[in-house]
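**Student:** Dropping a prediction and its sequence here:
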Amino acid sequence: LTRGKTGDVWNEILVLLNPNPSPVTFTIPEGDWTVVVDDDEAGTEPVTTGMSKVSGTSVEVPRISAMILYR
């Protein structure tokens with residue numbers, strides 16, 4: 001999604017959902033992303049217990065979880 005009128009600094013957001021019983025690797029748009037939700041933590045600030053940054057064109061989402069990234 002692209003930025004709306006929220007006034008925040010998030011220009012693009014990715015919401016990745018994995019309902020499967022095993023990890024899934026998602027293809028994502030190339031670039032640097034900040035992780036704010038993972039399988040252990042959720043909020044509006046970068047996660048502190050897991051991977052807070054993702055670079056490249058793919059990311060693995062653990063089983064039965066979600067990941068939200070922005071840039």
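**Tutor:** That came through fine.
**Student:** What segments of this structure are strands?
**Tutor:** Using DSSP state E, the strands of the chain run over residues 13-18, 24-37, 53-61, 65-70.
**Student:** mind checking which of those strands is nearest Glu45?
**Tutor:** Of all the strands of the chain, strand 24-37 sits nearest to Glu45, with 6.6 Å by Cβ to Cβ. Just so you know, the C-beta spots here come from the backbone N, C-alpha and C atoms, and that holds for glycine as well.
**Student:** Pull the distance from the closest one to the chain's centre.
**Tutor:** Going by Cα atoms, centre = their mean, to the nearest Å, the spacing between the C-alpha centre of strand 24-37 and its chain's C-alpha centre is 5 Å.
**Student:** Of the strands of the chain, flag the one that's most buried.
**Tutor:** Greatest average neighbour count among the strands of the chain goes to strand 65-70 (a mean of 20), per mean count of other Cβ atoms under 10 Å.
**Student:** quick one: strands adjacent to that strand?
**Tutor:** Sheet pairing for strand 65-70, assigned by DSSP bridges, gives strand 13-18 (antiparallel), strand 24-37 (antiparallel).
**Student:** Contacts for the shortest one next, please.
**Tutor:** Same thing as strand 13-18. Contact partners of strand 13-18, identified using Cβ atoms under 8 Å, 6 or more residues apart in numbering, comprise 1, 24, 26, 28-29, 33, 59, 61-70.
**Student:** sorry, back to before: would you reformat the strands of the chain as JSON lines and include mean pLDDT and distance to Gly43?
**Tutor:** Converted to JSON lines, the strands of the chain look like this (pLDDT from 0 to 100; distance: least, Cβ to Cβ, whole Å):
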{"stretch": "strand 13-18", "mean pLDDT": "97", "distance to Gly43": "14"}
{"stretch": "strand 24-37", "mean pLDDT": "97", "distance to Gly43": "6"}
{"stretch": "strand 53-61", "mean pLDDT": "96", "distance to Gly43": "15"}
{"stretch": "strand 65-70", "mean pLDDT": "97", "distance to Gly43": "10"}
